[in-house]
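> Provided below for reference: sequence and predicted model.
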Amino acid sequence: MASYTSQELMVTAAARHVADGEVVFVGMRLPLLGFLLAKGTHAPNAVGIFELGIVRDSAAPAPILTMGDLPNLYRANWLADTGDAMALLQQGRVDLSFIGGAQVDLYGNLNTTCIGDLQLPETRLPGSGGACDLACLAGRHILIMAHQRRRFVPRVDYITSPGYGDGPGWRRRMGLPRGGPSAVITTLGCFSFDPRSRRMRLETIHPGVAPETIRSETGWPIDLPEAPPETTPPTEFELKVLRRFDPQGYWTGRR
Amino acid sequence: MPAEKRMRLDEAIDRFVEDGSSVALGTGLETCIPFCAGHEMIRQKKQNLVLIGPISDILFDQLIGAGCVRKVQAAWVGNVITGSGYNFRRAYEQKRLVVEDHSNLTMTMALRAGAMGVPFMPSKTALGSDLPRSNPGLKAIVCPFTGERLMAVSAIRPDVCIIAVQRADPFGNAHAWGNLGLSKEACLASEHIILTAERIVAPEVIGSDPNRVLTPAFRVSAVVHEPWGAHPSPMPGFYNRDHQAFLDYQEASRTAEGYNRWKATWIDGVSDRKKYVDRLGSERIQSLALREHLISEPADFGY
């Protein structure tokens, strides 16, 4: 079996959530690669929307590190304004988006603003970017992040990007028109949300990870099945496509 | 005959950016960021600025590190390919900086409200988020027509916005292409507009394609000829993104001392953009050149 990095496993797991033909709002960093991998494998007809004001239905013709790299503009379907990309999102024309985060809680609320008190934080983080908009307005969104106890907390210090708030019915009460997190892909496993309780639950555990590790790295008591199924590792083909888009391993930890 | 607005960058910054001004920068998000203008503000030791923008990559961090900034109204402040902006973090954590947190959509609506001359714009974003806790310009309201819950976004009207464009004529007619981010809203919302252009061309060139014009020339205050003005961000049609500069900056800015050394070399140590480009060196400059050109089909604007 091919060897792969933790990030390559995560990007592959993320890419598999993209159905062919879906409209994907693509965020920076790992999500950028997840979209390219999906396009290059099972979802050739997926359409990408980028918050800079770019719509494209083909992969960039050369490797890119940011969505503003010129290959991502080359023969785009549409070069427009941020407001145009946001119009498509706010109307409900976006099926799926991916978001990276620093801190998450059991209802999938995400914090990328500050660790600790807002006025006197332990760490000030960069902020929302487009993440809050995606979490509020995409049909569904997927969180991609490192799985550590300090990041997986019972309640986030600040909701930058809303998940299911405090549980069932919260999004509707807030006035959010649709959406919510459908999956969380971490360095340890893949998670989904129970449709009734809206609490995060384990779907698959990454190869070589002990269930005990997930329990100890999660800041709330998380229910784990006796023998959770394993995350399917990346295939040779997926790795080949992925490495074409990240030849130096900048995002996937091979540098 | 309209007035020529060409001037040097130092003149434009001196005339239109005052201490305490609110300045919109980096409205293309990751492309066409007017680094040249930010560096000139640092050289002129501007104080108490309010920076407005969606992302601006590392330019906001540089201005904050130089002590020019009192407040930031932004969706994201950091280094796009590495994460944290260390000067931003230090300044906020030491309570030297006020931040009003936006999302990319609320920033778009804030500038659009400013552009439209209305006090706010409604949106469906940020409902249930904590953004209103760190932004007094966001308030949940009820739609008077449908009864839906909406997020009202208060207008932002910058004193000045600075936009890096590909080409402009001396009167302020300019072509901008690529993704434009929030540039059109920012121009319409701002009191003054400074354009930094890679090339200065005849008015006939701009007039041949009015669809590509960024904003009406009568609203433009200054036109500055500044080749490589957006480096290290990419400029469609001119140069690629210089990733190494962003990686070097991340290492350099980990400590305040490191940032000051970086600033001494790349800002204080070069009196203008020409000297900055000389310092980059021809090999580096050549490595950023376009490798694949794509010239658009002409469009007939005749009658």
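Thanks, I have it. Numbering: from 1, shown residues only, chains lettered A, B, ... in the order given.
> kindly report the residues of the stretch 101-250 of chain B close to chain A.
B:101-106, B:108, B:112, B:123-131, B:133-134, B:140, B:148-150, B:177-185, B:233-234, B:236, B:240-241, B:243 (C-beta under 8 Å from any C-beta of the partner chain). Any C-beta I mention is one placed from the backbone N, CA and C, and that applies to glycine too.
> now the closest residue to residue A:77 other than its chain neighbours, what's its secondary structure?
Excluding its sequence neighbours, the residue lying closest to residue A:77 (C-beta to C-beta, 6 or more residues apart in numbering or on different chains) is residue A:55, at 4.7 Å. Under DSSP: H, G, I helix; E, B strand; the rest coil, residue A:55 falls in the strand class.
> the chain: helices as residue ranges?
Answering for chain A, as no chain was given. Under the criterion DSSP state H, helices of chain A are mapped to A:6-15, A:30-40, A:82-91, A:131-137, A:170-174, A:211-217, A:236-245.
> that's the wrong chain, I meant chain B
Taking DSSP H as the criterion, chain B carries its helices at B:9-16, B:35-43, B:59-65, B:86-93, B:104-116, B:183-189, B:203-207, B:243-252, B:256-263, B:273-280, B:282-287.
> before we move on, the earlier item: show me what contacts the residue nearest to residue A:77?
Going by C-beta atoms under 8 Å, 6 or more residues apart in numbering or on different chains, residue A:55 touches A:47, A:48, A:49, A:76, A:77, A:78, A:80, A:85, A:88.
> count of residues packed around whatever residue of the stretch 151-255 of chain A ends up closest to chain B?
Taking C-beta to the nearest C-beta as the measure, the stretch 151-255 of chain A has residue A:175 as its residue closest to chain B, at 2.7 Å. Neighbourhood size, residue A:175 [other C-beta atoms under 10 Å in any protein chain shown]: 18.
> I'd say it and residue B:149 touch.
Yes. Assessed by C-beta atoms under 8 Å, residue A:175 is found in contact with residue B:149 at 2.7 Å.
> count of neighbours near residue 202?
Reading this off chain A. Other residues close to residue A:202 by other C-beta under 10 Å number 22.
> chain B is the one I meant
Residue B:202 has 11 neighbours, counted by other C-beta under 10 Å.
> dump the residue contacts of it.
residue B:169.
> now do the shared contacts for residue A:175 and residue B:149.
Both residue A:175 and residue B:149 are contacted by B:127, B:140, under the criterion C-beta under 8 Å, 6+ apart.
> and which of the contacts of residue A:55 is nearest to chain B?
Taking C-beta to the nearest C-beta as the measure, residue A:80 is the one of the contacts of residue A:55 closest to chain B, at 6.9 Å.
> how much space between the closest one and residue B:296?
Here residue A:80 is placed at a distance of 15 Å from residue B:296 (C-beta to C-beta, to the nearest Å).
> pLDDT at residue 139, what is it?
Using chain A. In this model, residue A:139 is scored at 98, pLDDT.
> that's the wrong chain, I wanted chain B
pLDDT at residue B:139 comes out at 98.
> show me the contacts for the residue nearest to residue B:150 when sequence neighbours are not counted.
Excluding its sequence neighbours, the residue lying closest to residue B:150 (C-beta to C-beta, 6+ apart) is residue B:122, at 4.4 Å. With contact taken as C-beta under 8 Å, 6+ apart, residue B:122 is in contact with B:109, B:141, B:143, B:150, B:151, B:152, B:153.
> give me every residue that touches the first one.
Contacts for residue B:109 were tallied using C-beta under 8 Å, 6+ apart; they are B:120, B:121, B:122, B:123, B:153.
> ok, the second one next?
Applying C-beta under 8 Å, 6+ apart, we find residue B:141 in contact with B:122, B:149, B:150, B:151, B:152.
> name the nearest residue to residue 234, sequence neighbours excluded.
The chain I'm using is chain A. Nearest to residue A:234 is residue A:12, by C-beta to C-beta, 6+ apart, at 4.0 Å.
> could you do chain B instead?
Residue B:234's closest residue in space is residue B:241 (C-beta to C-beta, 6+ apart), at 4.1 Å.
> from residue A:47, how far out is residue B:26?
27 Å.
> tell me which of the two has more neighbours.
residue B:26 (32 against 22).
> quick check: phi and psi at the closest residue to that one other than its chain neighbours.
If the residues on either side of it in the chain are set aside, residue B:26 comes closest to residue B:56, at 3.0 Å by C-beta to C-beta, 6+ apart. Phi and psi for residue B:56, reported as degrees, to the nearest 10, are phi 60, psi 10.
> surely residue B:56 meets residue B:35?
No. Between residue B:56 and residue B:35 there is no contact under C-beta under 8 Å: 9.6 Å.
> looking at these two, which has the bigger crowd around it?
Neighbours of residue B:56 and residue B:35, each counted by other C-beta under 10 Å, are more numerous for residue B:56; the result is 32 against 29.
> one step back: want to try CSV for the helices of chain B, with mean pLDDT as columns?
Output for the helices of chain B, formatted as CSV (pLDDT from 0 to 100):
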stretch, mean pLDDT
helix B:9-16, 98
helix B:35-43, 98
helix B:59-65, 98
helix B:86-93, 96
helix B:104-116, 98
helix B:183-189, 98
helix B:203-207, 97
helix B:243-252, 97
helix B:256-263, 98
helix B:273-280, 97
helix B:282-287, 97
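> lovely, talk soon.
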